[in-house]
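Chemist: missing the sequence, but the structure's below:
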């Protein structure tokens, strides 16, 4: 990851919370070519000591390379968006603001029981906010018995973690106010989230 000093994020709590808030990751590993899949990834542990876990379909091209101690990269991305130079009080260069966390990991294949426990946690995490949640225990056993042999779960042991948040650090309040206001005018959820991130970075009220 390219990390200019003013955008670098290395606080363990920030990195851990970022992963939890943006769980849909890009999972990359080397096969005969570089392969990528987009999957939900959850944490187990604390900011100071944690594992990641997920699963993929056995029909996925990555499956044949899914072995213990295989090196992989997980990319978690936050809100991002184009920043027009027309929003500044003086002429400048347009840019793109964004935030992301990269985690280099080594894989450990899960047992059948570990896979089931992981799926229970995955379903619970995303079903809990639903109006009428359908938890793992509510899925028909026959359906689970047919589905589980078709997927493989794995742990991701963290080897290295890097974070970045390019959120207009170094700009004055007038430009920050203009950038955030213009992002919000576009009435786009991603731009609105980016605006909130910029405000938080600059401690705007």
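Modeler: All right, it came through fine. Keep in mind that this is a model prediction, so the values were computed, not measured.

Chemist: Residue 97 and residue 83 touch, don't they?
Modeler: Yes - between residue 97 and residue 83 there is a contact under CB atoms under 8 Å: 5.5 Å. Backbone N, C-alpha and C define where each C-beta goes, glycine included.

Chemist: Residue 25 - how many residues pack around it?
Modeler: By the criterion of other CB atoms under 10 Å, residue 25 has 24 neighbours.

Chemist: Tell me which helix or strand it sits in.
Modeler: strand 24-30 (DSSP states H and E).

Chemist: ok, longest helix in the protein?
Modeler: As far as residue count goes, and with DSSP state H defining each element, the longest helix of the chain is helix 112-127.

Chemist: And the contacts of it?
Modeler: 23, 40, 42, 53-55, 110, 133-137, 148, 151-153, 155 (CB atoms under 8 Å, 6 or more residues apart in numbering).

Chemist: swap in stretch 144-155?
Modeler: 51-59, 63, 66, 107-110, 112, 114-116, 118-119.

Chemist: let's see it at 6 Å
Modeler: With CB atoms under 6 Å, 6 or more residues apart in numbering as the test, stretch 144-155 has contacts from 51, 53, 55, 57, 58, 66, 107, 108, 109, 110, 115, 118.

Chemist: For those residues, could you give me CSV that also reports secondary structure and neighbour count?
Modeler: CSV is the format used below for the contacts of stretch 144-155 (DSSP: H, G, I helix; E, B strand; the rest coil; neighbours: other CB atoms under 10 Å):
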residue, secondary structure, neighbour count
51, strand, 14
53, strand, 22
55, strand, 20
57, strand, 14
58, coil, 13
66, coil, 19
107, strand, 21
108, strand, 17
109, strand, 15
110, coil, 19
115, helix, 18
118, helix, 19
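
Chemist: Which of the helices or strands spans the residue nearest to residue 8 when sequence neighbours are not counted?
Modeler: The shortest distance from residue 8 to any non-neighbouring residue, by CB to CB, 6 or more residues apart in numbering, is to residue 164 (6.3 Å). Secondary structure from DSSP H and E places residue 164 in strand 151-166.

Chemist: what is the mean pLDDT for that strand?
Modeler: Computed over strand 151-166, the mean pLDDT rounds to 98.

Chemist: buried residues in it?
Modeler: Neighbour-count burial for strand 151-166 flags 152, 153, 154, 155, 156, 158, 161, 162, 163, 164, 165, 166 (criterion: 16 or more other CB atoms under 10 Å).

Chemist: for stretch 37-47, same thing?
Modeler: Here stretch 37-47 shows 37, 39, 41, 42, 43 as buried, counting by 16+ other CB under 10 Å.

Chemist: show me the contacts for the first one.
Modeler: Read that as residue 37. Taking CB under 6 Å, 6+ apart as the test, what residue 37 contacts is 27, 56, 62.
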